[in-house]
Structures are given as structure tokens and as C-alpha cells.
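Student: Everything below, folded, please.
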Amino acid sequence: MTLPQTPTTKSSSSGWLNGFIGVLIFSASLPATRLAVREFSPFFLTAARASIAGLLALCLLLIFKEKPPAKHQLGPLAIVAAGVVLGFPLLTALALQYVTSAHSIVFLGLLPLATASFGVWRGGERPRPAFWFFSVLGSLLVVGFALSQGLTASPAGDLLMLLAILVCGLGYAEGAKLSRTLGGWQVISWALVLALPLMALLSWFKAPPDFTGITAPAWLSLAYVSVFSMLIGFVFWYRGLAQGGIAAVGQLQLLQPFFGLALAATLLHEQVSPLMLGVTVAVILCVAGSRRFSR
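Tutor: Coordinates of the predicted model:
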């Protein structure tokens, strides 16, 4: 079913709900990747997660007897595959060899701006000027909070993370635009299937010579980024972007670092500072402001 270019109030609300679920799922991606690259090479991790997700996506497409995408949809699907199946996972995995997952918060704060910018370019959206004010303010709050934690800079890691944010923003915007006609879960599924031959071949050549020394946390991290980060999260995310607007719903990514911190506090019993709570509340207000002036 084709979604309208300008979402109705009902579809917009559904879009924000789906986007919120997607962000929750993505919140554990970078910590899980950080844990996995301690025992897997970045190239194997990227290829393996895409191959596992690609096989699952192929099963879904066959079960539901989905028609293959049209020829004019193959180009956009290739952009999605290059951005979120190969580019972002590989670049972040390489970057997390140089920086901590906490350091990546600096760059996650820029992802909503990147997504909104590509949404204007590729999706034809035109948010109001006030939207950009709240978007920039929210990004600065996240980046400022991350820098206040005394993060150590790494030129190589920072460059890789910056490139990762750019290709991810493009992949998000292109996938959301395509979801309006192809469907949310179909977009990520066909993108994974399109990349499957290359990813399977790369998995074979980059596999560790011996798997006996791989610990359970590394396997669990690989399973999470394969099933949730690479497939299930995108089902909700692309549907949300298509329903609620790329630029608007994309601002929910400002909350992703704080979801990760909340997860750490809950599961690892790490301390949550008053500053963290204050910045979180301010970011939530920025997200609300972005939604209010997104159209």
C-alpha cells in the first residue's frame, strides 16, 4: 500500500510510535558492536551480521510471497544496502577499535541532522525554520554532554564515525522514501537480500580460523546486531520514517544515547548523574519542538 507524501495525524502518530520502537532497538547496537569486535574482526562481524539477517529476510520474503522490486527501485535499494547494510556497520565496527562506545555518542548526536538533511534532499521534505533550530539545539546538547564526560579523541576513529553517520543518514532517508511504495519491512529485507551474495562471500573469507575461543558475550552480541539491529529494528524504523516524515521522526535518534545509558544503569547498575537526567529532559523537549514544527 502506498503511503501519502504528507502524513495524516493518525499516520504521523503511528510513525512516531514505530520510530520510537526502532530507536529503542538500535540503542544497544553500538555497545554490542563494541563487545563483539573484541573477538571478531570488523569485516567478519559486518559480513556475518548482514548474512544472518539476509537469510532471515529471504525466508520472510518467500513465506509472504512478496513480488520482487521493480527495476526503478533497484537503485534506491542499492543505496540502502550500501548505507545501512555495509557502510554503517563496517565503519562503526572499525571505529570502535579506536574509540569507546561512549565516545560514539558525539556522533550519534549528529545523526538526526544528517537524516533530516538527506530527507530534504532525497525525500522532498521542507520542515519549518523552527524545526532546524530544535534539531541543531538537540544535537548540540547531545554532543556537549558527550564532550563533558572527558572523552579521548582519536582522529582515525572520529573520521570513521563521521563517515558512518553520513552514509547512515543517506540510507535512512533513501529507505524511508522507498518505504512509501515498497513497504517498511520489504525495503530492509530486499536490501539485505541484494547484499547477501557479497556478504556471504566476505563472511567465508574473513571467518576466524578457530571459533573455539569465542566467548558467549561475543556470540550474543553478534546475534543481537544480526537479528535486532540489522532486521527487526529497521522494520519499525523505516515504517516510522515513512509514516511520520523523515526529518521529524529522525529526531528521535537524539534519545538513542540516553536509552543506552539508561540500559547500562538498569542492567549494569551504573550511576546516572543529575546532569544526565537534565540533558535527557532538555533533549526530549527538543524532540517535541522538532515534531511541532516539522511541517
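
Student: Quick one: list the elements packing against the helix ranked longest in the chain.
Tutor: As assigned by DSSP state H, the longest helix anywhere in the chain is helix 155-182. Where contact means 3 or more Cβ pairs under 8 Å, 6 or more residues apart in numbering; DSSP states H and E, helix 155-182 is packed against helix 71-80, helix 88-95, helix 105-108, helix 111-123, helix 184-206, helix 233-244, helix 246-250. Placement of C-beta: from N, CA and C, glycine included.

Student: Please identify the nearest residue in space to Gly83, excluding sequence neighbours.
Tutor: For Gly83, ignoring the flanking residues on the chain, the nearest one in space by Cβ to Cβ, 6 or more residues apart in numbering is Gly171 at 2.4 Å.

Student: How many neighbouring residues does that neighbour have?
Tutor: 26 (other Cβ atoms under 10 Å).

Student: Need the three-state assignment for Phe40.
Tutor: Put simply, Phe40 is coil when judged by DSSP: H, G, I helix; E, B strand; the rest coil.

Student: where does it land on pLDDT?
Tutor: Predicted confidence (pLDDT) for Phe40: 96.

Student: Likewise for Arg122?
Tutor: pLDDT at Arg122 comes out at 78.

Student: What count of nearby residues applies to it?
Tutor: Arg122: 20 surrounding residues under other Cβ under 10 Å.

Student: One more: Gly157?
Tutor: Gly157 has 21 neighbouring residues, counting by other Cβ under 10 Å.

Student: Quick check, it in contact with Ala93.
Tutor: No: using Cβ atoms under 8 Å, Gly157 is not in contact with Ala93; the gap is 11.3 Å.

Student: Thr280: which element?
Tutor: Element membership for Thr280 (DSSP states H and E) is helix 274-292.

Student: what's that helix packed up against?
Tutor: On a contact count with 3+ Cβ pairs under 8 Å, 6+ apart, helix 274-292 meets helix 129-148, helix 246-250, helix 256-268.

Student: The same query, at a cut-off of 6 Å, please.
Tutor: helix 129-148 (3 or more Cβ pairs under 6 Å, 6 or more residues apart in numbering; DSSP states H and E).

Student: what packs against the helix it packs on?
Tutor: By 3+ Cβ pairs under 6 Å, 6+ apart, helix 129-148 packs against helix 105-108, helix 111-123, helix 274-292.

Student: circling back: so which of the helices and strands packed on helix 155-182 is nearest Pro217?
Tutor: Among the helices and strands packed on helix 155-182, the nearest to Pro217 by Cβ to Cβ is helix 88-95 (15.9 Å).

Student: ok and the closest one relative to helix 155-182, angle-wise?
Tutor: Put simply, helix 88-95 runs at 170 degrees to helix 155-182, going by axes from the mean of the first three to the mean of the last three Cα atoms, to 10 degrees.

Student: ok, residues contacting helix 88-95?
Tutor: Thr33, Val37, Pro42, Leu45, Thr46, Gly157, Leu160, Met161, Leu163, Ala164, Val167, Cys168 (Cβ atoms under 6 Å, 6 or more residues apart in numbering).

Student: quick check, nearest of the residues you listed to Leu108?
Tutor: Leu108 lies nearest to Met161 out of the contacts of helix 88-95, by Cβ to Cβ, at 8.8 Å.
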